[in-house]
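J.: need a structure here:
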Amino acid sequence: MKPQRNSSPSVTLKQAVLKMGWVARITPIVELVLKLASIAAIGVAGYWAWYQFDLGGNDGWMINLDMTTEVLPYKDHDNLRLLVVHVKSKNPRASTIEFNQKDKDSYNLTVRELPDVKSGTEMDIEKGKLITKIDLMPKDTDGYIFLPNSEFDDMTSIVLPVNSIVSLSASLNKHDFDFVPVERIVQIKP
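T.: Next up is the predicted model:
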């Protein structure tokens, strides 16, 4: 005897109706979850913006400074050397930062001879004899405009005697109260 197959169309229709009932019951839940996820995403984006611009200080300015030096022979003088100084500045932020001389912004390199101190004494490089103060702001403009992720390399040179030890201090000042410094100590070797 052959087993009978149940091939009635009503079973297939019954299964389809049951599946539709399940989809009809789950659809409002899925829609609610998607709406709550959208609201949460808007809330997270709002918190991120608030953190970046209020708590994180992203509305302020930030410039990274670095300094490299090189000592070269100076013409036919055995007792003098040319100190070449590169002050590199970088704006790591995604916003433009302007420095204007009109707003009392400044960008200077100060060169000081190191003071004589006793062994074991902390040295204050700001107390050394001032050799020169060089303005690194561009001469032909009102100041600097740092575009997002831009980098500058300002170069200057100073003639110094052999065997001198100097401190170099570059400082980028915003409105005479906020500044970023970088400092180096260099020995002028023969």
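
J.: wait, Ala170 touches Pro181, no?
T.: Yes - taking Cβ atoms under 8 Å as the definition, Ala170 is a contact partner of Pro181 at 6.8 Å. In this view, the C-beta of every residue, glycine as well, is placed from N, C-alpha and C.

J.: Glu31 should be in a helix, yeah?
T.: Yes - the assignment for Glu31 (DSSP: H, G, I helix; E, B strand; the rest coil) places it in a helix.

J.: any idea how far Ala37 is from it?
T.: 11 Å (Cβ to Cβ, to the nearest Å).

J.: common neighbours of Ala170 and Pro181, please.
T.: Common contacts of Ala170 and Pro181 (Cβ atoms under 8 Å, 6 or more residues apart in numbering): Leu65.

J.: with neighbour numbers in mind, choose between those two.
T.: Each of Ala170 and Pro181 has its neighbours counted (other Cβ atoms under 10 Å); Ala170 has more, 25 against 13.

J.: ok, the more buried one - contacts?
T.: Counting by Cβ under 8 Å, 6+ apart, Ala170 has contacts Leu65, Met67, Val85, Val87, Tyr107, Asn108, Leu109, Thr110, Leu136, Pro181, Val182, Glu183.

J.: swap in Ser164?
T.: Applying Cβ under 8 Å, 6+ apart, we find Ser164 in contact with Glu113, Gln187, Ile188.

J.: and which of those is nearest Gly21?
T.: Using Cβ to Cβ, Gln187 is the member of the contacts of Ser164 that lies nearest Gly21, at 86.6 Å.

J.: so that closest one sits against Ile165, correct?
T.: Yes - using Cβ under 8 Å, Gln187 is in contact with Ile165, at 4.9 Å.

J.: low-scoring stretches of the protein, by residue?
T.: 1-11, 13-14, 16-19, 53-60, 176 (pLDDT under 70).

J.: what's across from Thr156 in the sheet?
T.: Val85 (DSSP bridges).

J.: does it touch Ile134 like I think?
T.: Yes - between Thr156 and Ile134 there is a contact under Cβ under 8 Å: 5.4 Å.

J.: joint contacts of the two?
T.: Leu109.

J.: so which of the contacts of Ala170 are in strands?
T.: For the contacts of Ala170, membership in strands holds for Leu65, Met67, Val85, Val87, Tyr107, Asn108, Leu109, Thr110, Pro181, Val182, Glu183, with DSSP state E as the criterion.

J.: burial check on the first one, number of neighbours?
T.: Applying other Cβ under 10 Å, we find 19 residues neighbouring Leu65.

J.: repeat that for His77.
T.: Around His77 there are 12 residues (other Cβ under 10 Å).
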